[in-house]
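*Asks:* Next input, structure requested:
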Amino acid sequence: MQSVKPCYVLDACALLRVAQSERGMEKVRDFLYAAARGECEMLMHQINLGEVVYRIAKVYGWDVAERKRHEIGMLPIDIVPFDEPLFWDAVRIKGEHPLSYADAFAAALAIARGATLLTTDPEFESLGTRVPRLAI
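*Replies:* Here you go, the predicted structure:
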C-alpha cells in the first residue's frame with residue numbers, strides 16, 4: 001500500500017517570511033526542504049505568487065522583485081495557474097468570509113487539494129475547520 005504524501009499550500013505571507021528573511025522563516029524553509037526531498041507536496045496559487053512579487057516590489061523595487069520571482073521559481077513549489085473552477089470557489093469563499101481576495105485563492109486551493117495551509121495570517125481563522133492550517 002502506497003502512502004499519500006502530505007500536501008501544503010503556501011499563502012503569500014508564509015513565502016514572504018523566506019523571501020525577506022523574516023522571523024519564522026525557518027519553519028517555512030523546513031517544509032521546503034521536505035518538499036525537495038519528496039516527502040511532501042508544496043503548492044501555491046498563481047494569484048498568491050503575484051501578491052508576493054508585488055509586495056516585494058513595493059518595498060524594494062521591481063529589480064529586486066524580479067530577482068526574487070526567479071529565485072522562487074527554483075524552489076520546490078508547484079505554482080497552480082488560474083482556472084475557472086478554482087476562481088469560482090475563491091469568489092464564493094471571499095463572499096462568505098472576511099478574507100482578502102488573494103487569501104481566498106489560497107483557501108480555495110487548499111480545500112480543492114485537501115491540503116494544509118501554511119500561513120501567518122489570522123484572517124484564515126474565519127474559515128474554522130474548513131481549511132486545516134499550520135501557523136508559521
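*Asks:* and residue 35, what does it touch?
*Replies:* Under the criterion of Cβ atoms under 8 Å, 6 or more residues apart in numbering, the contact list for residue 35 reads 8, 41, 42, 76, 77. Backbone N, C-alpha and C define where each C-beta goes, glycine included.
*Asks:* List buried members of those residues by neighbour count.
*Replies:* 8, 41, 42, 77 (16 or more other Cβ atoms under 10 Å).
*Asks:* residue boundaries of the helices in this structure?
*Replies:* Ranges of helices within the chain are 12-19, 25-36, 46-60, 62-73, 84-96, 101-113, based on DSSP state H.
*Asks:* Tabulate those helices (a markdown table), appending mean pLDDT.
*Replies:* Converted to a markdown table, those look like this (pLDDT from 0 to 100):
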| stretch | mean pLDDT |
| --- | --- |
| helix 12-19 | 92 |
| helix 25-36 | 95 |
| helix 46-60 | 96 |
| helix 62-73 | 95 |
| helix 84-96 | 96 |
| helix 101-113 | 96 |
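*Asks:* any chance of those helices in a markdown table, plus distance to residue 132?
*Replies:* Output for those, formatted as a markdown table (distance: least, Cβ to Cβ, whole Å):
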| stretch | distance to residue 132 |
| --- | --- |
| helix 12-19 | 14 |
| helix 25-36 | 14 |
| helix 46-60 | 17 |
| helix 62-73 | 24 |
| helix 84-96 | 15 |
| helix 101-113 | 8 |
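*Asks:* Around the spatially closest residue to residue 34 that is not a sequence neighbour, how many other residues sit close by?
*Replies:* Nearest residue to residue 34 in three dimensions, chain neighbours excluded: residue 40, at 4.9 Å (Cβ to Cβ, 6 or more residues apart in numbering). Counted with other Cβ atoms under 10 Å, residues neighbouring residue 40 total 18.
*Asks:* Mind pulling up the pLDDT for residue 40?
*Replies:* Residue 40 is assigned 97 on the pLDDT scale.
*Asks:* how much space is there between residue 114 and residue 101?
*Replies:* According to Cβ to Cβ, to the nearest Å, residue 114 stands 23 Å off from residue 101.
*Asks:* swap in residue 57?
*Replies:* Note on residue 57: its distance to residue 101, by Cβ to Cβ, is 18 Å.
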